[in-house]
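Novice: here is my input; please provide its structure:
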Amino acid sequence: MPAPGAHEVEHDITVSAPASAVYRLIAEVENWPRIFPPTIHVDRVEHDGARERIRIWATANGEAKHWTSRRTLDPEGLRIDFRQEVSTPPVAAMGGAWVVEPLGADRSRVRLLHDYRAVDDDDPEGLRWIEEAVDRNSRSELAALKDNVENAHAAEAWTFSFSDTVRAIGSAEDMYDFIDEAQLWHERLPHVASVQLSQQPSGLQVLKMETRAKDGSTHLTESYRVCLPSERIAYKQTTLPALMSLHTGLWTFEQDGPEVVATSQHTVVLRTENIAAVLGPDAGVEEARAYVRSALSTNSRATLGHASDYARAQRR
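Specialist: Presented below is the predicted three-dimensional model:
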């Protein structure tokens, strides 16, 4: 229940899809980074079926924020209640619910409810910041949810995932450190021309990087990264090349005796309207998939190779 004095707001949208499919998409938080534009990464900490505890990294009004929420899932009632455990200023408390209402066999209404309090309820700027962030993110999330559900079948051909894995003698911690210390990549990785890395609280990084392609051209990329020490680094690219409308990734590190298994995973959604301009009039989705995979995999494998060399050197 909202606390006394809390501000309440509601947003809604109508979706051309069954209510059960919409609910399932909202319930599966591991997919949020590719569904909802503000979401960078979600980590499920606890889960017992009906209740779960999740950590969320997302942007609000252009700023990266982090919080932990508890959710109660009601698949029969098509409702998910959520409440932040510890909010980030200027938010003092935040909660709400996703409510999915059937409007027929293939139509549903999604209501997104929020209640919140500011750190200082007498501060109009803080309240305005929260109001604008909730409004912007709610509209963005609902629109993205609608697009994702309604275009799910067509987008299957444009969405793909793949991974590259290496084994190296050394420790997972050393391999993790190499990927974490991206501010040194322009010295350590030949395909990186320049790099800027800023550290923020809760393991969050902002990475701006200029990379060299095979043809010698350079491309500027920007990503948010969530670093969970010695285990994994998740990222979401916010400045994208012309052929991608979404790119998320995950570096994972697992110790296996004297070896470390390091994997680079990618999930990509193609920007199909740019295929002809980039690859020529005869190119299609398959050619674009192959091109993007080759480019990303080449850089990933190069990075993993240098990280492996670093881990072996540290062991010696």
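Novice: could I get the contacting residues of E222?
Specialist: Contacts for E222 (CB atoms under 8 Å, 6 or more residues apart in numbering) come out as 206-209, 237-239. The way it works is simple: take the backbone N, C-alpha and C, and place the C-beta from them, glycine included.
Novice: narrow those to those that are buried.
Specialist: By neighbour count, with 16 or more other CB atoms under 10 Å, the contacts of E222 hold 207-209, 237-238 as buried.
Novice: and the chain, what are its domain boundaries?
Specialist: 7-153, 157-315 (automatic domain parsing).
Novice: can you show me the helices along the stretch 101-250 of the chain?
Specialist: With helices called from DSSP state H, counting those that start in this stretch, the stretch 101-250 of the chain shows them at 124-150, 152-155, 172-180, 185-188.
Novice: pull the helix or strand with minimum mean pLDDT from the protein.
Specialist: Every helix and strand in the chain was compared by mean pLDDT, DSSP states H and E; the lowest is helix 152-155, with a mean of 62.
Novice: give me the residues contacting stretch 98-109.
Specialist: So stretch 98-109 is contacted by 12-19, 22-23, 26, 78-80, 82, 110-113 (CB under 8 Å, 6+ apart).
Novice: right, so the helices of the stretch 101-250 of the chain: which one is the most enclosed?
Specialist: Neighbour counts (mean count of other CB atoms under 10 Å) averaged over each of those peak at helix 172-180, with a mean of 21.
Novice: just the CA coordinates for it, please, in PDB.
Specialist: C-alpha atoms of helix 172-180 as PDB (Å, rounded to 0.1, in the frame of the first residue of the first chain):
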ATOM      1  CA  ALA A 172      38.900 -15.700 -13.300                       C
ATOM      2  CA  GLU A 173      39.700 -12.600 -11.200                       C
ATOM      3  CA  ASP A 174      42.600 -11.600 -13.500                       C
ATOM      4  CA  MET A 175      40.500 -12.200 -16.600                       C
ATOM      5  CA  TYR A 176      37.700 -10.100 -15.000                       C
ATOM      6  CA  ASP A 177      40.200  -7.300 -14.100                       C
ATOM      7  CA  PHE A 178      41.300  -7.100 -17.800                       C
ATOM      8  CA  ILE A 179      37.800  -6.500 -19.000                       C
ATOM      9  CA  ASP A 180      36.900  -4.300 -16.000                       C
END
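Novice: and that helix, average pLDDT?
Specialist: Mean pLDDT, helix 172-180: 97.
Novice: contacts for that helix?
Specialist: 168, 188, 227, 229-231, 233, 251, 253-255, 260, 262, 303, 306-308, 310-311, 314-315.
Novice: can you flag which of those belong to strands?
Specialist: Residues of the contacts of helix 172-180 located in strands (DSSP state E): 168, 227, 233, 251, 253-255, 260, 262.
Novice: now the buried members of these.
Specialist: Buried, going by 16+ other CB under 10 Å: 168, 227, 233, 251, 253, 260, 262, out of the ones in strands among the contacts of helix 172-180.
Novice: mind picking the two most distant members of these?
Specialist: Within these, two members stand farthest from each other by CB to CB: A168 and C227, at 19.9 Å.
Novice: what residue ranges in the stretch 151-300 of the chain are flagged as low confidence?
Specialist: 152-155 (pLDDT under 70).
Novice: repeat that for 90
Specialist: 151-159, 200-203, 211-221 (pLDDT under 90).
Novice: all strands of it, in order?
Specialist: 159-169, 192-200, 204-212, 218-228, 232-239, 244-256, 259-270 (DSSP state E, counting those that start in this stretch).
Novice: can you add distance to E101 and give those back as JSON lines?
Specialist: Putting the strands of the stretch 151-300 of the chain into JSON lines (distance: least, CB to CB, whole Å) gives the following:
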{"stretch": "strand 159-169", "distance to E101": "28"}
{"stretch": "strand 192-200", "distance to E101": "38"}
{"stretch": "strand 204-212", "distance to E101": "35"}
{"stretch": "strand 218-228", "distance to E101": "33"}
{"stretch": "strand 232-239", "distance to E101": "31"}
{"stretch": "strand 244-256", "distance to E101": "28"}
{"stretch": "strand 259-270", "distance to E101": "28"}
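Novice: among the ones in strands among the contacts of helix 172-180, which two are most distant?
Specialist: A168 and C227 (19.9 Å).
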